[in-house]
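1. From the sequence below, what's the structure:
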Amino acid sequence: MVSYLLNTVRNVVGILGNVISLSRFLSPVPTFIRIWNKGSVEQFSPVPYLVTLINCMVWMIYGLPMVHPNSTLLLTINGAGIAIEVVFLTLFLVFCHDKKRRLTVLLIVMVELISVATLATLALTVVHTTQRRSMVVGIIGMLSSIMMYAAPLSVMKLVIRTKSVEYMPFSLSLASFLTGVFWTAYGVLPFDPFLAVSNGMGTMFGLAQLLLYGTYYKSTKRIIAARKETKMEMHVSLSPEVAIANGEVDPTKAAGAAP
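-> Numbering: from 1, shown residues only. Presented below is the predicted three-dimensional model:
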């Protein structure tokens with residue numbers, strides 16, 4: 001009875017974890033809408049999407065029946081995550097106008113694919129029991145999860161330096177925190193050290209991002225407002241010169257011109 005109840009609770013937590021994880025994977029959608037509209041990736045970093053891609057690929061291997069049986073929830077959510085991250089990275093490459101930066105992203109993706117293919121091959125051919133396969137892939141999965149949750153640290157550094165959270169989307173930070181909470185709970189029912197430890201650290205990283213967001217939210221509003229005001233002032237001051245250059249105004253009748 002206790003075992004059945006524990007299993008039921010774990011499945012419910014896992015399903016909720018899948019929903020939250022899917023929300024996390026989709027949380028950068030507003031960012032990419034902005035990138036699409038502006039036609040540029042601006043200062044947005046590709047690091048979170050690169051580490052999320054390799055993390056999903058490693059955990060998908062972990063969820064295979066021949067590696068870690070009864071892990072359907074891991075398979076489904078990480079399969080969805082791979083598809084979503086591929087779309088995001090493709091858009092990033094399309095709208096990245098820095099050739100060196102674009103080449104770097106492509107090279108990292110290639111290294112990730114080769115690394116994951118090597119891991120899958122070795123795990124399924126060299127290691128011969130599901131227990132050992134789970135341990136080998138689980139350790140690597142734990143490290144990749146920690147990397148995924150820690151990826152926004154580079155953006156957090158930018159936030160502290162600029163006192164602006166403009167390039168650290170709130171939706172991604174909140175989803176990261178909730179994902180960590182639910183998968184930590186899933187990892188302790190029953191105890192799976194690889195899931196519990198990595199997602200426990202992810203919860204702390206997510207909380208740190210939320211605290212940082214709360215700290216610099218007001219200053220971000222002021223910075224954006226000041227930037228818009230400066231642009232408007234520049235537009236107003238340049239309007240007569242632009243009109244004269246376009247032949248829309250007679251220079252002799254422009255403000256300040258001699259009669």
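
2. now the helices for the stretch 101-250 of the chain?
-> Along the stretch 101-250 of the chain, counting by DSSP state H, counting those that start in this stretch, helices occupy 130-150, 153-162, 170-187, 193-245.

3. okay, the angle between the longest one and helix 153-162?
-> Using axes from the mean of the first three to the mean of the last three C-alpha atoms, to 10 degrees, one finds that helix 193-245 and helix 153-162 are set 50 degrees apart in direction.

4. Can you tell me the closest non-neighbouring residue to residue 178?
-> residue 20 (4.7 Å; C-beta to C-beta, 6 or more residues apart in numbering). C-beta: built from backbone N, CA, C; applies to glycine.

5. Next up, the contacts around that neighbour.
-> Residue 20 makes contact with 175, 178-179, 182, according to C-beta atoms under 8 Å, 6 or more residues apart in numbering.

6. Where does the most centrally placed residue in the chain fall, secondary structure wise?
-> Centroid-nearest residue in the chain, with C-alpha atoms, centre = their mean: residue 48, separated by 3.9 Å. Residue 48 belongs to helix 47-62 when assigned by DSSP states H and E.

7. what residues does that helix touch?
-> Outside helix 47-62, the residues within contact range by C-beta under 8 Å, 6+ apart are 25, 28, 67-68, 71, 74-75, 78-79, 81-82, 85-86, 88-89, 92, 105, 108-109, 112, 115-116, 119-120, 123, 134, 137-138, 140-141, 144-145, 147-148, 151-152, 154-155, 172, 194.

8. For the next helix or strand after it, give the mean pLDDT please.
-> Toward the C-terminal end, the helix or strand that comes next after helix 47-62 (DSSP H and E) is helix 72-94. For helix 72-94, mean pLDDT is 91.

9. For the contacts of residue 20, name the two members farthest from one another.
-> Across the contacts of residue 20, the longest distance by C-beta to C-beta is 10.7 Å; it joins 175 and 182.

10. Distance check, the nearest residue to residue 174 once chain neighbours are set aside against residue 92.
-> In space, and not counting its chain neighbours, residue 174 is closest to residue 210: 6.6 Å by C-beta to C-beta, 6+ apart. For residue 210, the distance to residue 92 equals 25 Å [C-beta to C-beta, to the nearest Å].

11. ok, the two, which is more surrounded?
-> A count of neighbours by other C-beta atoms under 10 Å puts residue 92 above the other of residue 210 and residue 92, at 22 against 14.

12. burial count for the closest residue to that one other than its chain neighbours?
-> Spatially, and ignoring its direct neighbours in sequence, residue 92 is nearest to residue 46 (5.2 Å; C-beta to C-beta, 6+ apart). Neighbour count for residue 46, taken as other C-beta under 10 Å: 21.
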